[in-house]
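1. Predicted model follows, preceded by the sequence.
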Amino acid sequence: SLFDEPLAIAVQGLGPRQQVTLRTSLRDETGELFQACARYQAGDNGELDLARCPALPGGSFSGLEPMGLLWALQPQKQYWRLVKRDVQSPFVLQLEVLEGHGESPGRLLAQAQHERAFLRDGVRRVPVREGRIRATLFLPP
């Protein structure tokens, strides 16, 4: 998906009302790690849909935040910022479902990988250098 598009996150196959921790992580272009986590409880049917299920207190955020696992990403290195310098390559987001809650969640139940791209296919990137002006022009297909 493109970086500014909503991401629908759902988990199926859990036990009824099972408690899980969802964790996202990505590495920036310098290799620095950013992570966020949230605690959830599956519904009676063993499903968890972040668009309908609020995060419980104790993680990076709480409440109904379908995109919380992205906007809450924090650097593991103090004072570091998430900056994308090469918009032609995507960020690779790791998603993990861990058993239980607490400081050290339990075993890994599921994992997935998702690419967050910055340019739609066919967009042309044109560097602009004129006098002291430095810019980039992005042209649609």
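-> Okay, I see it.
2. Return the per-residue confidence for the most centrally placed residue in the chain.
-> With distances taken as C-alpha atoms, centre = their mean, the chain has Leu70 as the residue nearest its mean C-alpha position (3.5 Å). The per-residue pLDDT reported for Leu70 equals 95.
3. cool, and Ser25?
-> pLDDT, Ser25: 97.
4. hang on, the earlier thing: quick check: the residue nearest to the centre of the chain touching Leu93?
-> Yes. The criterion here is C-beta atoms under 8 Å, and Leu70 meets it with Leu93 at 7.4 Å. The way it works is simple: take the backbone N, C-alpha and C, and place the C-beta from them, glycine included.
5. Which neighbours do these two have in common?
-> Both Leu70 and Leu93 are contacted by 24, 116, under the criterion C-beta atoms under 8 Å, 6 or more residues apart in numbering.
6. so Leu48 makes contact with Arg17?
-> No. When contacts are counted by C-beta under 8 Å, Leu48 is not listed as touching Arg17 (10.4 Å).
7. Tell me where the chain has strands.
-> 10-11, 19-27, 33-41, 48-49, 74-75, 91-99, 108-116, 124-130, 133-139 (DSSP state E).
8. possible to save those as a markdown table with distance to Leu82 and mean neighbour count?
-> Formatted as a markdown table, those follow (distance: least, C-beta to C-beta, whole Å; neighbours: other C-beta atoms under 10 Å):
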| stretch | distance to Leu82 | mean neighbour count |
| --- | --- | --- |
| strand 10-11 | 25 | 16 |
| strand 19-27 | 8 | 20 |
| strand 33-41 | 6 | 20 |
| strand 48-49 | 26 | 18 |
| strand 74-75 | 7 | 14 |
| strand 91-99 | 8 | 17 |
| strand 108-116 | 11 | 13 |
| strand 124-130 | 21 | 9 |
| strand 133-139 | 19 | 9 |
